[in-house]
Each structure stands twice: as C-alpha cells, then as structure tokens.
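In: no sequence on this one, just coordinates:
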C-alpha cells in the first residue's frame, strides 16, 4: 500500500522549546558537535489505491487544515516506498 | 551546514492514539481514501563539520538514548541536503 509522509516542522523564526531542550541535554549526555536541534512531527498516511496528483492535493489540504498550524509550522508532503 | 534527520515512529504493534485521532478526524473533514495514519516525531540536527561515520554513530546513540523510547518506538537516521 502506498505511503504518503507529511513532515511538519516549526518555522525557522518560531522558537522551538522542545528542540532547545534536546539541544541542552546533548552535552550533559556526552554528545558534542551538534549546533542546533529542531523537533517536529511526522505523519505516515496509508493511502488506498494509487497516489495520484488528486490524492497528493488532498493530502496537502489535510496538512494545511489538520496536521499543521500554518501560522507557526511549515510542512512537506512526499511519497515514500512502502517499508 | 549538514543536517541529519532522525525520524521516530511508534512501532507497528504499538497503539498510536494520536494517529487514530487524526484518522478519525479525516472523514469528518470530508477526506476519504486514507486507511491508516501513524504519528511520530522528526528531529533535525545541525551538525558542525562533516557528517562522518563517527558522527552518524553518535546520532544513532542520541536517537537510542534521548530522542526515542526503544521499547515502543523505532527510529531512522539519514543525512539530508541543506534546505
């Protein structure tokens, strides 16, 4: 079954407290070399039938209206090979 | 600056209430054709310097110890072109 992935990330100008918390924890756990962390969401949608342009347009609307908050988040839609 | 992405998803056998909530909301919003939704997390790590095998091994350990709960979540690490 084809899978469509929607990645939702906080916009660059938006403060990301979850990412900052991870970034702050890394040195305490002994990890160095990471200069920034941003945390977002990943949605995997199993789609019935083929992934047509119409289906992708639908997923875009889902991402805009339900999966993300367009004021503070940006999203990307892509088709992924079934694992 | 190179970016390493860590995707964290609930394991297939684990109930995913957030994904189920999204799945249940889709028909109410007029969307059809999606048979399953799973929600996970996406981390974008900005790495200083080159992404070597050692850096990726470090990120794997970060994912295991901090970014995911290996009991209920699986993760994938990949290098992404800078946006």
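Out: In hand now; what should we look at? These numbers were taken from a predicted model, which means no experiment stands behind them.
In: got the residues of chain A near chain B?
Out: Applying CB under 8 Å from any CB of the partner chain, one finds that chain A approaches chain B through A:1, A:7-9, A:19, A:22, A:25-26, A:29, A:31, A:33-49, A:55, A:58, A:61-62, A:65-67. C-betas here are computed from N, CA, C, even on glycine.
In: which ones among the residues you listed map onto strands?
Out: Secondary structure from DSSP state E places A:7-9, A:34-47 of those in strands.
In: about what we covered before: and the residues of chain A next to chain B, which of them are buried?
Out: The neighbour-count criterion (16 or more other CB atoms under 10 Å in any protein chain shown) marks A:7-9, A:19, A:22, A:26, A:31, A:33-34, A:36-47, A:55, A:58, A:62, A:66-67 among those as buried.
In: identify the bridge partners of residue A:77.
Out: residue A:6 (DSSP bridges).
In: pretty sure it is touching residue A:5, no?
Out: Yes: contact status for residue A:77 versus residue A:5: in contact at 7.4 Å, counting by CB atoms under 8 Å.
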